[in-house]
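Asks: Predicted model and sequence follow; I will ask about them next.
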Amino acid sequence: MGNKVKNIGLIGLGMVAGVAASFQFSAIAQKVTGAPLPLEELRQLSDVFGLIKTDYVENVDDKKLLTEAISGMVSSLDPHSVYLDKKAFREMRETVAGKFVGIGVEVGLEEGYIKVVSPIEDTPAFKAGIKAGDVITRIDGTLIKGMSLDESVKKMRGEVHSKVSVTISRKDEDKPLVFNITREEIRVQSVKAKIIEPGYAWVRISQFQEPTVDDMAKKITALYQQDPHIKGLVLDLRNDPGGVVPGAIGVSAAFLPKDAVIVSTNGQLLASKETFYGRQEFYAPRAKSDPLGKLPAALKDVPMVVLVNGGSASASEIVAGALQDYKRATVIGQQTFGKGSVQTLRQLTADTAVKLTTARYYTPKNRAIQARGITPDLLVDETAEGDGLNRLRVREADLQKHLGNDKDPEGELKRDPLEAEQSLAVLAKKTKPVEFGSKDDFQLAQALNHFKGLPVQLSKAEVKPANDVGETKPDTPPQPQPLAKPKAK
């Protein structure tokens, strides 16, 4: 079984990613099992290549033409199949490993500028004196107002020991501050945890990375040392875009009965028809000892809430779906993204690869996540006034050429067309981003109310029934239910 995990290690790379890593150097032609090659169409491709080389207005590099042809062919399939060139492949591996080269700041977008949420401790930015709340206005002299968050982040990343100039606007400072910073390798902690009030713990996973299971186990153990009598634990998966699925299996296994089914996959390949259990061989096959082995026994029974929203995707939905299916936790928040497809990574060269959709994910009760997501047991908005920016999030079902839901093709959940027409920019100016885990975190406050048996302020929005578990109907708003102890299935 260990070999199966090695060959079909499941990983994901952001809201619209989630891939099964199967590093293989065999030629693509060897994967064509008995199917004849479409020679006529291949001749046309060759003819078009020749026409471009002889007739186009200027010379075009052969490698560029062929690379773009591969990229276009793969990306035409669905939103998550993609050709990874040298740079993209390197960034993917950095993300999975939980490390990258940069200056070391957590950032967010605010009114067109990049705002520092927090400098990461012991990184170049931290040592240079960049502070939470600083607004980045220029990178290497380039004004970044109006630039996308991803593009701005890429500008701050680069090669190890290379330099970058960052201009900061800081409250109470009359003039802009310019920091010349040397980039270094940054290791990201994907797990945060704290006691939010006596008896209640909060564990946040921002992304599933290779170290996530081990990091979570250490932080939960520390929480129980701080408060041995925890009577409620919140697992916060909001805005978690996914990541390595062995991490999702391990996180789920920490709270579920031994050997419980966590997730299954199904596709055309025999290797894609697999069931994954809460065993070390599935979440830490190369570890010498089980990272979950020394967790407090109370963790299997402690009442739980899982917080989700429209930014919870892929591996996050696997965890939320598994804990919901076993009635191990009450899922609170808003409908998740609906990223329920598996991508297999086929390495073409030492530096390039193709990421191809090969299967769909299913919860333990065989619910298809794809283009639907997980419906919370208790629908709760982002704030007391409404769901803010979350209600305008693009979902999997909104993406062009998305893979359908094979269990219920009519059950896909998209944004409301009227809401989708609203200007995100206008709403963003009126909506202050929520700091998860803070005293102003409305959904977290409702989770605590649920633990304490106090009224939970539910969303007024209507949501179509989407799941066999945690189903929500417009005419029957959900009511808080006592947390049940886990039952083996």
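Replies: Noted; the coordinates are in hand. Not measured: the values here are computed from a predicted model. Numbers count the residues shown, from 1 in each chain.
Asks: Now do stretch 164-173: everything it contacts.
Replies: Identification of contacts with stretch 164-173 by C-beta atoms under 8 Å, 6 or more residues apart in numbering yields 103, 113, 116, 125, 130-131, 133-141, 155-156, 158, 176-181, 183. To be clear about C-beta, it is placed using only N, CA and C from the backbone, and glycine gets the same treatment.
Asks: pLDDT averaged over that stretch - what is it?
Replies: In this model, stretch 164-173 has an average pLDDT of 92.
Asks: so how far is it off the chain centroid?
Replies: 30 Å (C-alpha atoms, centre = their mean, to the nearest Å).
Asks: ok, and the residue nearest to residue 378 when sequence neighbours are not counted, which helix or strand is that part of?
Replies: Closest residue to residue 378 apart from its sequence neighbours, by C-beta to C-beta, 6 or more residues apart in numbering: residue 332 at 4.7 Å. According to DSSP states H and E, residue 332 maps onto strand 330-333.
Asks: which residues sit in contact with residue 316?
Replies: 205, 208, 237, 240-242, 248, 308, 336.
Asks: Now render those residues as JSON lines, adding distance to residue 354 and secondary structure.
Replies: Formatted as JSON lines, the contacts of residue 316 follow (distance: C-beta to C-beta, whole Å; DSSP: H, G, I helix; E, B strand; the rest coil):
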{"residue": "205", "distance to residue 354": "29", "secondary structure": "strand"}
{"residue": "208", "distance to residue 354": "22", "secondary structure": "strand"}
{"residue": "237", "distance to residue 354": "29", "secondary structure": "coil"}
{"residue": "240", "distance to residue 354": "26", "secondary structure": "coil"}
{"residue": "241", "distance to residue 354": "21", "secondary structure": "coil"}
{"residue": "242", "distance to residue 354": "19", "secondary structure": "coil"}
{"residue": "248", "distance to residue 354": "24", "secondary structure": "helix"}
{"residue": "308", "distance to residue 354": "31", "secondary structure": "strand"}
{"residue": "336", "distance to residue 354": "27", "secondary structure": "coil"}
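Asks: and the residues you listed as a markdown table, adding neighbour count and pLDDT?
Replies: Below are these laid out as a markdown table (neighbours: other C-beta atoms under 10 Å; pLDDT from 0 to 100):
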| residue | neighbour count | pLDDT |
| --- | --- | --- |
| 205 | 25 | 96 |
| 208 | 35 | 93 |
| 237 | 30 | 97 |
| 240 | 29 | 90 |
| 241 | 23 | 88 |
| 242 | 29 | 89 |
| 248 | 34 | 96 |
| 308 | 30 | 97 |
| 336 | 32 | 95 |
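Asks: what about the strands in the stretch 251-400 of the chain?
Replies: Taking DSSP state E, counting those that start in this stretch, the strands of the stretch 251-400 of the chain run over residues 261-267, 274-277, 304-308, 330-333, 341-347, 353-362, 378-379.
Asks: I'd like to know which of those strands is closest to residue 392.
Replies: strand 330-333 (15.7 Å; C-beta to C-beta).
Asks: in this protein, which ranges drop under the pLDDT threshold?
Replies: Within the chain, the segments meeting pLDDT under 70 span 1-35, 415-433, 462-489.
Asks: export the lengthiest helix in it as PDB, just CAs?
Replies: Identified as the longest helix of the chain according to DSSP state H is helix 39-55. Listed next in PDB are the C-alpha coordinates belonging to helix 39-55 (Å, rounded to 0.1, in the frame of the first residue of the first chain):
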ATOM      1  CA  LEU A  39      -2.400  11.100 -38.000                       C
ATOM      2  CA  GLU A  40      -4.400  13.500 -40.200                       C
ATOM      3  CA  GLU A  41      -4.800  16.000 -37.300                       C
ATOM      4  CA  LEU A  42      -1.100  15.700 -36.500                       C
ATOM      5  CA  ARG A  43      -0.300  16.500 -40.100                       C
ATOM      6  CA  GLN A  44      -2.400  19.600 -39.800                       C
ATOM      7  CA  LEU A  45      -0.500  20.600 -36.700                       C
ATOM      8  CA  SER A  46       2.800  20.100 -38.600                       C
ATOM      9  CA  ASP A  47       1.400  22.100 -41.600                       C
ATOM     10  CA  VAL A  48       0.400  25.100 -39.300                       C
ATOM     11  CA  PHE A  49       3.800  25.000 -37.700                       C
ATOM     12  CA  GLY A  50       5.400  25.200 -41.100                       C
ATOM     13  CA  LEU A  51       3.200  28.000 -42.200                       C
ATOM     14  CA  ILE A  52       4.000  30.100 -39.200                       C
ATOM     15  CA  LYS A  53       7.700  29.500 -39.700                       C
ATOM     16  CA  THR A  54       7.600  30.500 -43.400                       C
ATOM     17  CA  ASP A  55       4.800  33.100 -43.600                       C
END
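Asks: Can you list the neighbours in contact with it?
Replies: By C-beta under 8 Å, 6+ apart, helix 39-55 touches 60, 62, 65-66, 69.
Asks: Can you list the helices and strands that the following helix or strand past that helix packs against?
Replies: Using DSSP H and E, the next helix or strand after helix 39-55 towards the C-terminus is helix 62-75. Counting contacts by 3 or more C-beta pairs under 8 Å, 6 or more residues apart in numbering; DSSP states H and E, helix 62-75 packs against helix 39-55, strand 82-84, strand 353-362.
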